[in-house]
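**Student:** Pasting the sequence and the predicted coordinates here, then a few questions.
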Amino acid sequence: MPRQVKSVGTLKEARSKNGFSLIELAVVLAIIGILASISYPSYLHQVARSTMTEGRLYLEFLAATQAQSRLENGRFLLLEDLLDSASPSSRMAKSFEVSQKLTPDFLRFRILLVPKAGKDLLDPMMLDNWGQFQSDYAW
């Protein structure tokens, strides 16, 4: 009696029965690793850029609050009073330290945002009562 030979069929059917080989999985992981190593620095730059943009907007909000105080009270607010009326977001509180230089007559101010330790991609920012903004960050 002749013996029957089982045919495996197509390569696709054989692969579906056995799964992927170790080499195929290693190649896929290597490609994912290369893509991640290329995209991660760009991601960090975009996060730093959005944090700096939020910081600049916060500075402008503080300056507007100071201008409103000057119109209503004839003088600018101390830093504690300013932060009570315009508290920073949690992201700003984690990223920057807020300080203010106020003249003794309370008629001029300079608000500074200085990055906290470990925030290497961020730069200090300053805004004064004339609306002059200063930062070394490359926008």
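**Tutor:** Arrived safely, thanks for sending.

**Student:** For the most centrally placed residue in the chain, pull up the helix or strand it's in.
**Tutor:** The residue lying closest to the centre of the chain (CA atoms, centre = their mean) is V47, at 2.8 Å. Using DSSP states H and E, V47 sits in helix 22-73.

**Student:** For that helix, name the packing helices and strands.
**Tutor:** For helix 22-73, the packing partners by 3 or more CB pairs under 8 Å, 6 or more residues apart in numbering; DSSP states H and E come out as helix 79-85, helix 90-95, strand 109-115, strand 125-128, strand 133-135. The C-beta positions use only the backbone N, C-alpha and C, and glycine is treated the same way.

**Student:** Identify whichever of these lies nearest to V27.
**Tutor:** helix 90-95 (39.0 Å; CB to CB).

**Student:** Contacts for the helix or strand following that closest one next, please.
**Tutor:** Per DSSP H and E, the first helix or strand lying C-terminal to helix 90-95 is strand 96-102. Here strand 96-102 makes contact (CB atoms under 8 Å, 6 or more residues apart in numbering) with 55, 62, 76, 78-79, 82-83, 88, 92, 108-116, 119, 122.

**Student:** Good, wrapping up.
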